[in-house]
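Participant: dropping a prediction and its sequence here:
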Amino acid sequence: MWSLVHSWGSDIQALLEAQQAPSLSLQGLSAPGMCASQLLALNTTALLNTSLTAQELMPGLGYFKSDVAQLLRDFLQDSSITVQVVDYCAGNRTLVPSTQSRALRAAEVNDSVATLLVSITLQGPEPDRLASTAGPLEPLLLDW
């Protein structure tokens, strides 16, 4: 979430530093539990003394939403299914095992990885198929 808030020409960091508001920080804005909908609802005029909207300050939030929807449409390969990303939130960091090569042998290590929880809706001509556990996203879920 931090990189989505901070990237794509975001002005939020500079405004936070200029305001020096201890209750509002980039780390707080991207902490677990913080959702894109909450960030976009911020009254940036009052909080940061700017006329820019939250969407203008953090364009990465909208770009990510569009990218996820397009990725799922491409994965489903079914133009009759409409994909909508409702919201997404910063999740907890999780440990993921990985193999790192060191000198002549590989070592199994746990890497800490940030997570995002994405809420989506799928609409199509066969609602029962979309809602079933063997629905169109089952192969995607099994790969993780």
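Facilitator: Cool, the structure landed. Residues are numbered from 1 along each chain as shown.
Participant: CA only for contacts and neighbour counts going forward, please
Facilitator: Noted.
Participant: tell me the buried residues in the helix ranked longest in the chain?
Facilitator: Within the chain, and with DSSP state H defining each element, the longest helix by residue count is helix 60-76. Of the residues in helix 60-76, 60, 61, 64, 65, 68, 69, 72, 73 count as buried by neighbour count, 16 or more other Cα atoms under 10 Å.
Participant: so the fifth one sits against residue 85, correct?
Facilitator: The one in question is residue 68. Yes: Residue 68 is in contact with residue 85 according to Cα atoms under 8 Å; the separation is 7.2 Å.
Participant: about what we covered before: packing partners of the longest helix of the chain?
Facilitator: helix 2-6, strand 82-90 (3 or more Cα pairs under 8 Å, 6 or more residues apart in numbering; DSSP states H and E).
Participant: hang on, residue 83 packs against residue 130?
Facilitator: No: counting by Cα under 8 Å, residue 83 sits too far from residue 130 to count as a contact (11.0 Å).
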